[in-house]
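Asks: Mind looking at a prediction? Sequence and model below.
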Amino acid sequence: MKRLIVLLLLILTGMMQISSVQAQASTPVYQGVIVSTPNADGSIYHYVVYGDTLWTIAEAYGVSPSDIMILNGNSPDANEVYAGTYLLIRKANTPTPYVESSPTPVEHTPRPTVFQPSRTPIPSKTPLPTATATPPPSLSQRIFGNSQHVGLAMISFSLLGIILVVIFGFLRKSS
């Protein structure tokens, strides 16, 4: 019986060790900064992966961390980068302007100037503006067109309402 119990305990501890080994997940190993190649215009963009730091990226490209942050519109004192983002490492190269040599100048042949009279017509008199009759404002425009009239009308209607309430509400009940 003791042998059976010892055998069962050995089997159970062996199974627990196997299950604990299987439950452990492998952690990704950081390989270092993968340097991007320049684009056709000379600009360099770096894709930030998990494990990259601003310092390691700057060291891989040979620039300062503050230069990278300034190029990306951040404060030069910032030092955080996030996985999955693109960082501008170097701007595009601007082409160097150069002067093209001009061909041999062509001789200019002078031509006589021909006088062309202007074709401006004879000025004419423009008609003077005529007075147009303006219709008088309507009643609603006269009443509501002036804010002072609107205010006086509202006061008048309010006073009329108060007078009617006093007459029909209080004086009729008292008789």
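Replies: Cool, got the structure.
Asks: Identify the residue nearest residue 70 in space, chain neighbours excluded?
Replies: residue 76 (5.4 Å; Cβ to Cβ, 6 or more residues apart in numbering). All C-beta atoms are positioned from the backbone trio N, CA, C, and that covers glycine.
Asks: for the protein, what spans make up the helices?
Replies: Taking DSSP state H to define them, one finds helices in the chain at 2-23, 54-61, 65-71, 139-144, 147-165, 172-174.
Asks: hey, C-alpha coordinates of the second one in CSV?
Replies: So the one you mean is helix 54-61. What follows is helix 54-61, C-alpha atoms only, in CSV (Å, rounded to 0.1, in the frame of the first residue of the first chain):
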residue,chain,number,x,y,z
LEU,A,54,15.3,56.8,-28.1
TRP,A,55,18.9,56.5,-27.0
THR,A,56,19.5,53.2,-28.9
ILE,A,57,17.8,54.6,-32.0
ALA,A,58,19.9,57.8,-31.9
GLU,A,59,23.0,55.8,-31.4
ALA,A,60,22.2,53.4,-34.3
TYR,A,61,21.7,56.3,-36.7
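Asks: Mind giving me the packing neighbours of it?
Replies: The contact analysis (3 or more Cβ pairs under 8 Å, 6 or more residues apart in numbering; DSSP states H and E) places helix 54-61 against strand 44-47, helix 65-71, strand 86-90.
Asks: Switch the ones you listed over to a markdown table; also include mean pLDDT and mean neighbour count.
Replies: Listed next are the helices and strands packed on helix 54-61 as a markdown table, based on pLDDT from 0 to 100; neighbours: other Cβ atoms under 10 Å:
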| stretch | mean pLDDT | mean neighbour count |
| --- | --- | --- |
| strand 44-47 | 92 | 16 |
| helix 65-71 | 92 | 17 |
| strand 86-90 | 91 | 17 |
